[in-house]
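>>> Pasted the sequence and its predicted model underneath.
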Amino acid sequence: MGSQYVYKKVKTMKTYLTSKFAVIRDPDRCIQCQVCINQCGFNANYFDAEENEVKSRNENCVDCQRCVIFCPTQALTVTGAPLEYRYNCNWKANVIEDINKQAETGGVLLTGMGTDKDYPIYWDHLLLNASQVTNPSIDPLREPMELTTYLGSKPNKLDIDPDTLELKTKMAPQVKLNVPVMFSAMSYGAVSLNVQTSLAKAATEIGTLWNTGEGGLHSSLIKYGNNTTVQVASGRFGVHSEYLNAGRIIEIKIGQGAKPGIGGHLPGEKVSSEVSLTRMIPQDSDALSPAPHHDIYSIEDLLQLIHALKEATNYSKPISVKIAAVHNAAAIASGIVRGGADIVVIDGFRGATGAAPKVIRDNVGIPVELGLASIDTRLRQEGIRNKASIVVSGGIRNSGDVVKAIALGADAVNIGTAALIALGCHVCQQCHTGKCSWGICTSDLRLTRRVNPEVGARRLTNLIRGWSLEIKDILGGLGVNAIESLKGNRLHLRGIGLTDTELEILGVRVAGS
Amino acid sequence: MQNLGHVNNNHNDDKVIDACSIFGAMNTLGHRFSGEGVIKAIANMHDRGNGLGGGFAIYGLYPEYTDLYAFHIMYLSQQGKQETEAFLKDNFKIFHQEDVPTRKTIKIINPPLVRRYFVDINMHQPDNALHNDYILDKVMQINTRLCDSFVFSSGKDMAVFKGVGYPEEIAEFFCLEQYKGYIWTSHGRFPTNTQGWWGGAHPFSILDWTVVHNGEISSYGINQRYLEGFGYHCTMQTDTEAIAYAVDLLVRKHKLPVEIMAKVFAPPFWDDIDRMPPKEHELVQALRQVYGSLMLNGPFAVLIAHHGELIGLTDRIRLRPLTIGEKGDMVYLSSEESAIRLVSPELDRAWIPMGGEPVITRLKIGNEQKDGSIKEAIPA
């Protein structure tokens, strides 16, 4: 009503989209057991009763590889089946298909995960140093190698009584991480309770933090509170006194790398009774997170919220503010730190989402590497770098990325996609459909059972253990035995294949110099 | 306007990597002694250097000028000398100035001019902290803005003598056997990534602090960035310079005791911190949290000196050597025990400190001795 875009349902409309993938079944291996039918969340496999045979609907396949991996006889292969459009650099297959999708639906194109476009990945243009001869490398198998990191605001100096050597400065609350890797915010509702339980158990075992996202904290997870970051986002779902006091860190979510400037929308179908209780909203109702916090229209409003949360928790917890990396991120971060935040989280444009408009995901924001470098430099120039810790997220793939992020100036990183991959995610980008065959990004109880929290926690713990061993190896090679000697130490980085301007922003020199 | 294109130090645009010999000696009664023994000891570790840098710091050096700042400045050109002398005249009251006496030797080729100035501040504030900040600021200006000039040292009743050559050659050049002091530190350098130049030799000094250092600080990148936040610019690009500024920041500006400073540079491991009693745990944990960016990581053994104190410290896993010898009122700190035994064969005690454990040698008598009322030592 009143909209100029009135969507008229046409009774029948032939779709011009073809299957993107093909499920190939080896008839010699297939034993007609129907496991593939049960495993697929997208109904891509079915039993043809007439022909008494298991068959596939290629048009439903999303290439999540669930059936391939669970087929007991390895009879299945899922492969790409692109339509061979006439060669054209401008009008590539995905561009044509997106136009067709919108021509057929009249809607905003939704997608999940982080952007899949071919933007530069600066991690892959940064190289690390190693020590030789003039400076011995340190063997992490023989010598202590310290990854312990404390997040929180630090004073510029300490006052110590010269006679008694007692500390006179009162430190702001600090949060200890055994490894400078935390789990990104993923809300209950977007991901299942089993996923959150896996993350919470793993974080507790590793000695790091997981993050509730904006979906509240399920009552069964309160016991992991000491390893939990509780988020306060624009929808304020599930925020109450007990929630705030349960967490170790309180995070105000302003922006998300996958969808800067955009709010969130959890469809009512995902709001089950448990989700409803946790989010404190009616069952089956849509959970809409506004684009801005409607009580934060300027930096002074953020300052008030930061201090309100500190008051509510008796100044016992650091307050974190999460923003998306955008063009003026350095100025925003400076304002956030001056506003009293203890931690700034910068989420780069490769960060993932449960659902976002594709045009936003693929076109808004900047790489976290550049955002991090400019924010760290800016805060140092202003003499306020000690006042807040910096955490980065959005496309951290492995321990090499972690080390490079810390050398650029981060105190710690968050991983989201990498953690989900450890739980089974095959990055098929269908998070927004709620049909996830791996049982991760869905609230369908038939599917969520597929993530076993014990096994999930084990897989996550293994991943972080592997990374921490690798980080120790790299530190030893650099000739340092504590992570704080790497933090912000850009002399250990060199750039390769970068322009002078990129090198200048990253604050690194070119390889060979 | 400052000429941003002007580079004062064109010898190295990167961190200097070097290995070295270090030797320090202190008379804990404050008695001044000749440098002959120190020169002999550092010469004994000849092979730890490669002739591209040697130097000495001497405390209790100018009893006739104890209340004046002694500026030792190196000039690479006449223009530099003119600019800097005009600058000094504008900013200080100069009581005495002269060329630092040298002798012609075969080994020292093409030396720069080194002059010394005994100056005071044209200020009437009684606050000594302000005076020190003033001196620091002027030294930074000479080093970064004025042409071809470097301040070797700027403290009272002390000085640094250094240059390109083996330390014993530098000593011969500057006639150091004729001087006396109650603390001596010395250094023989083995730089590997730069040709030697006079400004790059050790000791590095700011106010009356001096640092000689054997090692390579792998944390230099962050140490330097952290210090920049407090107004220290590492113009010489060496990690030793960064240590000198870090000492100044922690001890003079932040007023931390030197024991605490040592815990910042070479902090205990977290596992050990976890086992400390609550008060100590709280303190050391806060030190690492706040000053983590000043931790010196990588192999080092360093001698840090100022009036009244000589401090030896190695990195926390002791990747570079340091030996201590004691004989009566004399304390020796050296890369090698052999060098100590050469000058004092019958030691009361010789020992190797644990990694990261500071060795702090203080005057046994009151602090008033620092200010110059130092008695002539009976020659040892």
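Done, it's in. Just so it is clear, the model here is predicted, and its values are computed rather than measured.

>>> and the gap between B:His233 and A:Gln196?
Noted for B:His233: a distance of 49 Å to A:Gln196, by CB to CB, to the nearest Å. Quick note: C-beta positions are derived from backbone N, CA and C, even for glycine.

>>> The two - which one has more neighbours?
A:Gln196 (31 against 13; other CB atoms under 10 Å in any protein chain shown).

>>> Can you name the residues of the stretch 251-400 of chain A that neighbour chain B?
Residues of the stretch 251-400 of chain A that fall close to chain B, judged by CB under 8 Å from any CB of the partner chain: A:380, A:383, A:385-386.

>>> Which of those fall in helices?
A:Arg380 (DSSP state H).

>>> The host helix or strand of B:Ile311 - what's its average pLDDT?
In the assignment (DSSP states H and E), B:Ile311 maps to strand B:309-314. Averaging pLDDT along strand B:309-314 yields 96.

>>> Does chain A have contacts with it?
No: on the criterion CB under 8 Å from any CB, strand B:309-314 is out of touch with chain A, staying 13.5 Å away.

>>> Quick check: what element follows that strand along the chain?
With DSSP H and E setting the assignment, the helix or strand that follows strand B:309-314 is strand B:323-327.

>>> Other residues contacting that following strand?
Defining contact as CB atoms under 8 Å, 6 or more residues apart in numbering or on different chains, one finds that strand B:323-327 is touched by B:312, B:331-337, B:340-341, B:344, B:346-353, B:359.

>>> got the contact list for residue 204?
All of this is about chain A. A:224, A:226-227.

>>> Correction: the question concerned chain B.
Contact analysis of B:Phe204 by CB under 8 Å, 6+ apart lists B:160, B:210-211, B:213, B:236, B:238, B:240-241, B:243-244.

>>> ok, now A:Thr79?
A:21-22, A:24.

>>> Just the pLDDT for whichever residue of the stretch 201-350 of chain A sits closest to chain B.
Here the residue of the stretch 201-350 of chain A nearest chain B is A:Gly207; by CB to the nearest CB that distance is 11.6 Å. With respect to pLDDT, A:Gly207 has a value of 98.

>>> Would you mind writing the PyMOL command to select the buried ones in the residues of the stretch 251-400 of chain A next to chain B?
To isolate the buried subset of these in PyMOL, counting by 16 or more other CB atoms under 10 Å in any protein chain shown, use the following:
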select buried, chain A and resi 380+385+386
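
>>> min pLDDT across the residues of the stretch 251-400 of chain A next to chain B, which one?
pLDDT across those is lowest for A:Gly383, at 93.

>>> How many neighbouring residues does the closest residue to it other than its chain neighbours have?
Nearest non-adjacent residue to A:Gly383, counting by CB to CB, 6 or more residues apart in numbering or on different chains: B:Gly229, 5.5 Å away. Neighbour count of B:Gly229, defined by other CB under 10 Å: 18.

>>> Report whether the expected contact of B:Gly229 with A:Arg385 is present.
Yes: the pair B:Gly229 / A:Arg385 is scored as a contact, 6.7 Å apart, by CB atoms under 8 Å.

>>> Just the element for B:Phe160, please.
Residue B:160: Val, not Phe. In this structure, B:Val160 sits in strand B:158-163 according to DSSP H and E.

>>> picking up where we left off before, which strands and helices sit next to the strand holding B:Ile311?
Strand B:309-314 is packed against strand B:18-27, helix B:258-265, strand B:300-306, strand B:330-334, strand B:359-362, with contacts defined by 3 or more CB pairs under 8 Å, 6 or more residues apart in numbering or on different chains; DSSP states H and E.

>>> Now B:His131. Its backbone dihedrals?
Dihedral pair for B:His131: phi -60, psi -50, per degrees, to the nearest 10.

>>> Which pLDDT does the model give it?
In this model, B:His131 is scored at 85, pLDDT.

>>> Give me the neighbour count for it.
For B:His131, the neighbour count with other CB under 10 Å is 16.

>>> Now for the residue nearest to it when sequence neighbours are not counted: which residues touch it?
Excluding the flanking residues, the one nearest B:His131 by CB to CB, 6+ apart is B:Ile121, at 5.5 Å. Applying CB under 8 Å, 6+ apart to B:Ile121 gives the contacts B:69, B:92-93, B:131, B:134-135.
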